[in-house]
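Chemist: One predicted model, sequence on top.
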Amino acid sequence: MEVVAINEGQSLIRMENVSTAILKNIFLHVKKGEIITLIGSSGAGKSSLLMLLNRLNDPDEGTITYRGQDVNSYDIPALRKSIGMVLQSSSLFDGTVEDNLAYGPKIFNEWDEKMGEELLQNVQLPTSYLQRPVDELSGGEQQRVAFARTLANRPDILLLDEVTSAVDLKNVELIEDFLSRIVPERVQAILMVTHDVAQARRLGNRTIFMDQGKIVEEGKTSDLFANPQTEQLQYFLKE
Amino acid sequence: MAPEISNLSMFFLIFFVLIPVSLSYIYALGLSGSIVWSSFRGIVQLFLIGYVLTYLFSLSPPIGISIMLAVMIAVASLHASKKGQGIPFVRVIIFGIIVGIALLILAMWLGFDMIDFQPDQVIPMSGMVIGNSMVAIGLALERMKSEFRESRGKIVAALALGAQPQQASTILIRKIVKAAMIPNVDGLKTVGLVQLPGMMTGLILGGVPPIEAIRYQIVISLSIFTSVSLAAMVATIIFYRFFFNKQMQLAEMKNDEA
Ligand SMILES: Nc1ncnc2c1ncn2[C@@H]1O[C@H](COP(=O)(O)OP(=O)(O)OP(=O)(O)O)[C@@H](O)[C@H]1O
Ligand SMILES: [Mg+2]
């Protein structure tokens, strides 16, 4: 199945034959420097897959390794910090934008007030927003605060679940630009779930198409879109 | 001297039962049976407790008090633990929490010389502390279930950022303790203005001058405030962990709907 030759030294995440109640026999290999986009219809299991990597859930079968070691061997909070996830529903904590940004870093005693402004710039929000209560923000703004909140933890790998679905086009472009600039220096790899097929195409080096809990097709993003192999993907792209 | 209600007068209480029964009949509420049954049951329970208390008051204080407190706390824990079905050792834990609170409050009463170590003082006063702690724990358990459901997203977000379950539940603990305190804060604001608290009423009927009765009422109101806040806090701090599994994930909740 793998088209690209694997350089073991660069291997970050490996899922081997992973199954849960929802996912079936998932094989996935994430290498340093990759932006992988995940597409598929609603209920395909995209969010469920990301949650396994952040250990918000565990597989019933199969193994997941991170930097060559079983994920079970890592301290769970440390692993969740290192493989940071932005959840599909932003679920901000009550309080100000700054309270939200500081939440993760404070757990690990890494919060520095200077971080706030830069984080907001990363997600295209004005720095004056730091002291605003989050329940006064628009949906798209809340989504970006949730994204910045995960960035605040300085993750090595980013798992993004629909982080720009409520954001306006101009800002989506700027955020996409930011994402492609941070790999691989600031973040070593990104796995991004998106309903926006054009976005998956623009941002991905590699794309995975899921359906009914399975990985149906995967490959270099340009190949996958130019030449979809399965009927399911052809049908999905036509919609 | 306390006034007495004669047997004949007590007999006329039948009217106090007949009125709701006939209303239930007229409006077809279908409650006649349960009104009669619960009135009967209430009467029998109170008569029994009257005799039991008479007997306990006649024992030496340490024995009478210990027996009665143990029984009250056991019944209270059984009752409060219904809200926590599925949680391991829930009865034992709640029993422990209430014992701790009752003893703490009792120690303060005795230590500050507010009451004497006599069954007729300790038992009714502790009864109120125990009863209110029971209600507070039950409410905390219920609220915890609903908060864990409603704030699921926030808890998961906190975990995803690397929070330990204990850190992630701080969000809820604050809410739950606050919810337990608010009725007491509100109650204290209107105490005595809207209706006289039960204990004060009892003391006044028993012939205690109002200015004395309020002293007891102040002691008990503030003691209840303390015990209710403590009960809600301790219960939440102990029980939050049963909503998580060992992998620091939200456990699938059984008996989700109560
Ligand atoms: N907590 C849960 N308990 C039981 N089933 C769940 C749970 N969460 C999701 N599912 C089910 O698992 C399947 C996959 O869900 P998942 O959220 O992974 O899909 P998705 O690909 O992310 O969909 P979407 O694009 O709508 O976000 C769905 O059928 C969903 O109903
Ligand atoms: Mg999803």
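Modeler: Done, it's in. Ligands and ions are numbered 1, 2, ... in the order given.
Chemist: got the residues of chain A near ligand 2?
Modeler: Residues of chain A that fall close to ligand 2, judged by CB under 5 Å from the ion: A:47, A:88. All C-beta spots, glycine's among them, are computed from the backbone N, C-alpha and C.
Chemist: Any stretches of chain A with poor pLDDT?
Modeler: A:1-9 (pLDDT under 70).
Chemist: where do the strands sit along it?
Modeler: A:11-19, A:26-31, A:35-40, A:61-66, A:69-70, A:83-86, A:157-161, A:189-193, A:206-211, A:214-220 (DSSP state E).
Chemist: Pairing partners for the fourth one, with directions?
Modeler: Yep, that's strand A:61-66 we're talking about. Strand A:61-66 has the following strand partners under DSSP bridges: strand A:11-19 (antiparallel), strand A:69-70 (antiparallel).
Chemist: which residues touch the residue in chain A positioned nearest to ligand 2?
Modeler: In chain A, the residue that lies nearest ligand 2 is residue A:47 (3.1 Å; CB to the ion). Counting by CB atoms under 8 Å, 6 or more residues apart in numbering or on different chains, residue A:47 touches A:88, A:161, A:193.
Chemist: Show me what from the stretch 101-250 of chain B comes close to chain A.
Modeler: B:153-154, B:156-164, B:167, B:171, B:247-249 (CB under 8 Å from any CB of the partner chain).
Chemist: picking that back up, what about the residue of chain A closest to ligand 2, distance to residue A:40?
Modeler: Residue A:47 is 10 Å from residue A:40, where distance means CB to CB, to the nearest Å.
Chemist: Where does the prediction get shaky in the stretch 151-258 of chain B?
Modeler: Using pLDDT under 70, the stretch 151-258 of chain B drops low at B:253-258.
Chemist: 50 - rerun?
Modeler: B:254-258 (pLDDT under 50).
Chemist: Please enumerate the helices of it.
Modeler: Along the stretch 151-258 of chain B, the segments classed as helices by DSSP state H, counting those that start in this stretch run B:152-160, B:165-190, B:198-205, B:210-239.
Chemist: what's the most buried one of those?
Modeler: Using mean count of other CB atoms under 10 Å in any protein chain shown, the stretch among these with the largest mean neighbour count is helix B:152-160, at a mean of 21.
Chemist: Out of the helices of the stretch 151-258 of chain B, which gets nearest to residue A:15?
Modeler: Nearest to residue A:15 among these is helix B:152-160 (18.4 Å), distances taken as CB to CB.
Chemist: could I get the closest one in CSV with only the CA atoms?
Modeler: Taking C-alpha atoms only, helix B:152-160 is exported to CSV below (Å, rounded to 0.1, in the frame of the first residue of the first chain):
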residue,chain,number,x,y,z
ARG,B,152,-18.3,16.7,28.7
GLY,B,153,-16.7,18.8,26.0
LYS,B,154,-14.9,21.0,28.5
ILE,B,155,-13.6,18.0,30.5
VAL,B,156,-12.4,16.2,27.4
ALA,B,157,-10.7,19.5,26.2
ALA,B,158,-9.0,19.8,29.5
LEU,B,159,-7.8,16.1,29.4
ALA,B,160,-6.6,16.6,25.8
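Chemist: between that helix and strand A:157-161, how many degrees?
Modeler: 170 degrees (axes from the mean of the first three to the mean of the last three CA atoms, to 10 degrees).
Chemist: Name the residues that touch helix B:152-160?
Modeler: A:54, A:56, A:80, A:84-85, A:87, A:89-93, A:103, A:146, A:149-150, B:148, B:165, B:167-169, B:171-172, B:248-250.
Chemist: Let me know the distance separating the residue of chain A found nearest chain B from residue A:145.
Modeler: Using CB to the nearest CB, residue A:91 is the residue of chain A that sits closest to chain B, at 3.4 Å. With the distance defined as CB to CB, residue A:91 ends up 11 Å from residue A:145.
Chemist: Let me see the contact set for residue B:172.
Modeler: With CB under 8 Å, 6+ apart, residue B:172 has these contacts: B:144, B:147-148, B:151, B:155, B:236, B:240.
Chemist: and if you look at residue A:221?
Modeler: Residue A:221 neighbours (CB under 8 Å, 6+ apart): A:37, A:200-201, A:204-207.
Chemist: run the last query once more with 7 Å
Modeler: Each residue near residue A:221 by CB atoms under 7 Å, 6 or more residues apart in numbering or on different chains is listed here: A:37, A:201, A:204-207.
Chemist: Would you reformat the contacts of residue B:172 as CSV and include distance to ligand 2?
Modeler: What follows is the contacts of residue B:172, written out as CSV (distance: CB to the ion, whole Å):
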residue, distance to ligand 2
B:144, 27
B:147, 24
B:148, 21
B:151, 20
B:155, 18
B:236, 31
B:240, 27
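Chemist: Output these in CSV; the columns should cover distance to ligand 1.
Modeler: CSV is the format used below for these (distance: CB to the nearest ligand atom, whole Å):
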residue, distance to ligand 1
B:144, 19
B:147, 18
B:148, 13
B:151, 15
B:155, 13
B:236, 24
B:240, 20
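Chemist: List just the nearest of these to residue B:102.
Modeler: residue B:236 (18.9 Å).
Chemist: Surely that closest one touches residue B:140?
Modeler: Yes - between residue B:236 and residue B:140 there is a contact under CB atoms under 7 Å: 5.4 Å.
Chemist: Can you work out which residues contact both of those two?
Modeler: The contact lists of residue B:236 and residue B:140 share residue B:176, where a contact means CB under 7 Å, 6+ apart.
Chemist: show me what contacts the most far-flung residue of chain B relative to its centre?
Modeler: Distance from the centre of chain B peaks at residue B:161, with 37.8 Å (CA atoms, centre = their mean). Residue B:161 makes contact with A:80, A:103-104, A:107, A:149-150, A:153, according to CB under 7 Å, 6+ apart.
Chemist: Give me the subset of the residues you listed that also touch chain B.
Modeler: A:80, A:103-104, A:107, A:149-150, A:153 (CB under 7 Å from any CB of the partner chain).
Chemist: and the residues you listed, which of them are in helices?
Modeler: Members of these lying in helices (criterion: DSSP state H): A:80, A:103-104, A:107, A:149-150.
Chemist: Run a quick neighbour tally on the residue nearest to residue A:228 when sequence neighbours are not counted.
Modeler: Closest residue to residue A:228 apart from its sequence neighbours, by CB to CB, 6 or more residues apart in numbering or on different chains: residue A:234 at 4.8 Å. Other residues within reach of residue A:234, judged by other CB atoms under 10 Å in any protein chain shown, total 12.
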